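Enquirer: Task: produce atomic coordinates for the following.
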Amino acid sequence: MRVFSLVAAVLLAVAPAASAAEIREVTGFGANPGALRMFEYVPDGLPAGRPVVVAMHGCTQDAAGYGNGAGWVELAERSGFTLVLPQQEAANNSSRCFNWFQPGDTTRGQGEAESVAQMVRRAIDDTGADPARVYVTGLSAGGGMTSVLLATYPEMFAGGGVVAGLPFGCATSAVDAFTCMNPGRDLTAAQWGDKVRAASPHQGPRPTLSIWHGTADYTVAPANQREQVEQWTNVHGIPGTPSATDTVAGYPHAVYNDANGRTLVETFEITGMGHGQPIDPGTGAGQCGRAGAYLLDVNICAAAHLSQAWALG
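Expert: This next block holds a predicted model:
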């Protein structure tokens with residue numbers, strides 16, 4: 001008996017500890033009509049009723065690289081929420097851009113948009129997350145697909161963050177997409193708003209939106225930020241002029257509020273920044289991210305500010 005106890009003790013001592021949280025692929029999350037891959041980060045011991053954030057990479061990036069580089073993984077661990085990281089495949093787009101411009105991928109119930117919606121449903125089921133606290137964000141093509149999801153599934157998302165992205169309905173083909181990216185497309189606020197209203201049968205409240213753009217972005221022209229403001233202030237039925245302006249970390253910031261003073265749309269103009277995701281590596285309050293291609297250290301971390309605005313902590 002004593003020998004058995006000693007052997008058991010040795011085995012326990014050398015047995016690997018329970019695996020720590022890590023980015024893991026999730027399969028079988030639905031019909032997946034857009035043929036995307038789903039990755040997920042769930043902090044150890046995450047209780048039910050916590051939020052979900054969907055974060056979508058830009059062209060040439062992948063799920064893990066963007067999740068870590070933009071700071072979302074560390075924020076999920078720090079604040080306690082489920083992180084869903086969709087990944088585009090080269091078979092769908094040779095540059096691994098989400099197809100934010102293809103009607104088959106940007107229509108409710110179809111293609112890539114529906115694949116991401118299925119990922120959200122799976123994440124809620126798996127973690128017991130709060131379906132009223134689901135948010136979506138993305139960079140560049142991921143930002144374009146964020147606009148798509150906010151328009152086509154407005155009942156699913158409480159808010160969104162578009163980084164160096166584009167308004168919904170700006171393009172309907174790959175050729176059209178380049179014109180939309182630069183110099184951009186100039187429509188009236190009502191024309192932009194009509195595109196969103198036609199994208200789903202939803203009649204209730206719309207998601208809030210935070211729009212981030214570098215003033216020296218020559219890939220996706222900064223004019224796209226203005227068009228997004230026009231689109232979403234029109235959808236929300238609020239004035240297209242700022243309710244207030246200030247600076248955050250030295251960068252111009254504007255808010256667009258409803259009659260009750262609630263911010264429904266906001267913009268951050270990152271002066272002198274090119275095409276990429278604003279980050280601020282470090283362990284201090286408000287810091288996050290790891291510098292890399294299209295992950296630009298400009299002393300402000302967009303993910304941290306979104307996390308705070310969405311009260312994810």
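Enquirer: Can you point out the buried residues in stretch 278-298?
Expert: Counting neighbours by 16 or more other C-beta atoms under 10 Å, one finds that the buried residues in stretch 278-298 are 278-281, 287-289, 292, 294-298. To be clear about C-beta, it is placed using only N, CA and C from the backbone, and glycine gets the same treatment.
Enquirer: Select from these every entry located in strands.
Expert: Pro278, Ile279, Leu295, Leu296, Asp297 (DSSP state E).
Enquirer: and Glu25, how many neighbours?
Expert: 13 (other C-beta atoms under 10 Å).
Enquirer: Can you tell me, leaving aside adjacent residues, what's nearest to it?
Expert: Phe39 (5.4 Å; C-beta to C-beta, 6 or more residues apart in numbering).
Enquirer: Bridging across strands, which residues link to that neighbour?
Expert: Beta-bridge partners for Phe39, by DSSP bridges, are Glu25, Leu85.
Enquirer: burial count for it?
Expert: Close neighbours of Phe39, defined as other C-beta under 10 Å, add up to 21.
Enquirer: any idea how far Ile279 is from it?
Expert: Phe39 sits 20 Å away from Ile279, going by C-beta to C-beta, to the nearest Å.
Enquirer: How about Gln110?
Expert: 33 Å.
Enquirer: and if you look at Val52?
Expert: In terms of C-beta to C-beta, Val52 sits 22 Å off from Ile279.
Enquirer: same check, this time on Val196
Expert: 29 Å.
Enquirer: Could you do Ser173 as well?
Expert: Remark: distance between Ser173 and Ile279 (C-beta to C-beta) = 32 Å.
Enquirer: Now flag whichever of the ones in strands among the buried residues of stretch 278-298 is closest to Glu22.
Expert: Nearest to Glu22 among these is Leu295, at 20.1 Å by C-beta to C-beta.
Enquirer: The closest one touches Asn68, doesn't it?
Expert: No: between Leu295 and Asn68 there is no contact under C-beta atoms under 8 Å: 9.3 Å.
Enquirer: which residue packs closest to Thr263, ignoring adjacent ones?
Expert: Per C-beta to C-beta, 6+ apart, closest to Thr263 is Val255, 4.6 Å.
Enquirer: who are the neighbours in contact with that neighbour?
Expert: With contacts defined as C-beta atoms under 8 Å, 6 or more residues apart in numbering, Val255 is in contact with Pro242, Ser243, Ala244, Thr245, Thr263, Val265, Glu266.
Enquirer: hmm, back to that, and of the ones in strands among the buried residues of stretch 278-298, the nearest to Glu25?
Expert: Leu295 (22.0 Å).
Enquirer: Return the residue spatially closest to the closest one, with its sequence-adjacent residues excluded.
Expert: Gly69 (4.2 Å).
Enquirer: Around Pro47, how many other residues sit close by?
Expert: 10.
Enquirer: tell me which element it falls in.
Expert: Here Pro47, judged by DSSP states H and E, is contained in no helix and no strand.
Enquirer: do the same with Trp100
Expert: Secondary structure from DSSP H and E places Trp100 outside every helix and strand.
Enquirer: Tell me how many other residues crowd it.
Expert: Counted by other C-beta under 10 Å, the residues lying close to Trp100 total 28.
Enquirer: Wait, it touches Leu166, no?
Expert: Yes: the pair Trp100 / Leu166 is scored as a contact, 6.8 Å apart, by C-beta under 8 Å.
Enquirer: which residues do the two both contact?
Expert: Joint contacts of Trp100 and Leu166 (C-beta under 8 Å, 6+ apart) are Gly144, Ser147.
Enquirer: which of the contacts of Val255 count as buried?
Expert: Pro242, Ser243, Thr263, Val265, Glu266.
Enquirer: lowest average confidence, helix or strand, in this structure?
Expert: Within the chain, no helix or strand scores below helix 2-14, which has a mean of 35 by mean pLDDT, DSSP states H and E.
Enquirer: Let me have the ones in strands among the buried residues of stretch 278-298 in a markdown table, extended by pLDDT and distance to Gly144.
Expert: A markdown table is the format used below for these (pLDDT from 0 to 100; distance: C-beta to C-beta, whole Å):
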| residue | pLDDT | distance to Gly144 |
| --- | --- | --- |
| Pro278 | 98 | 18 |
| Ile279 | 98 | 20 |
| Leu295 | 98 | 18 |
| Leu296 | 98 | 19 |
| Asp297 | 98 | 24 |
